[in-house]
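Student: Okay, predicted coordinates and the sequence, questions at the end:
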Amino acid sequence: MGSCGKAHGERPDQPYRAPFRSNRAKDKNEPAQPIALLPVLPAGWPTGSVKGLRARGGFEVDIDWKDGKLTAATVQSITGAGGILRYGAKTNEVNLKPGESKTIPVDEL
């Protein structure tokens with residue numbers, strides 16, 4: 001008999017399921033890890049901005065910096081979750097609805 005393209009040992013009445021394990025339940029029980037804003041900056045980029053960075057927890061982040069220091073940060077929640085932003089030793093907790101965004105003044109971080 002020829003092969004019908006099924007995985008070895010698979011029964012024809014059961015679809016093949018790739019080995020996949022979700023950590024979603026584990027993540028909900030652990031404390032949130034902060035989203036680090038501008039953790040490292042190359043010396044050749046003293047001033048600049050970046051838009052649309054995806055971050056853990058379902059966030060999108062825009063940041064601007066000048067002379068190597070953060071000047072503005074906007075965070076948007078894709079999934080409607082809370083998170084912690086970190087800049088240096090300062091932190092700020094945000095709780096946003098899906099699609100909601102917030103600009104965080106640098107002095108609040």
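Tutor: Nice, thanks for sending it over. This structure is a prediction, so every number in the text was calculated from the model and none was measured.

Student: helix/strand/coil for residue 80?
Tutor: When classified by DSSP: H, G, I helix; E, B strand; the rest coil, residue 80 comes out as coil.

Student: In contact with it, which residues?
Tutor: 58, 96, 97, 98, 99, 100 (Cβ atoms under 8 Å, 6 or more residues apart in numbering). Glycine gets a C-beta too; all of them are placed from N, C-alpha and C.

Student: and with 10 Å instead?
Tutor: 58, 95, 96, 97, 98, 99, 100 (Cβ atoms under 10 Å, 6 or more residues apart in numbering).

Student: doesn't residue 77 make contact with the fourth one?
Tutor: In other words, residue 97. Yes: Residue 97 is within contact range of residue 77, at 6.8 Å (criterion: Cβ atoms under 10 Å).

Student: neighbour-wise, which of the two wins?
Tutor: Neighbour totals were compared for residue 97 and residue 77, and residue 77 leads with 21 against 10 (other Cβ atoms under 10 Å).

Student: Can you tell me the number of residues neighbouring residue 83?
Tutor: Counted with other Cβ under 10 Å, residue 83 comes out at 21.

Student: pretty sure residue 35 is in contact with residue 77, am I right?
Tutor: No: checked against Cβ under 10 Å, the pair residue 35 and residue 77 is beyond contact range at 11.4 Å.

Student: Could you pull out the residues contacting both of those two?
Tutor: Joint contacts of residue 35 and residue 77 (Cβ under 10 Å, 6+ apart) are 57, 59, 83, 94.

Student: and of those, the nearest to residue 48?
Tutor: residue 59 (20.2 Å; Cβ to Cβ).

Student: and the closest one, how far is that from residue 107?
Tutor: Separation of residue 59 from residue 107 (Cβ to Cβ, to the nearest Å): 21 Å.
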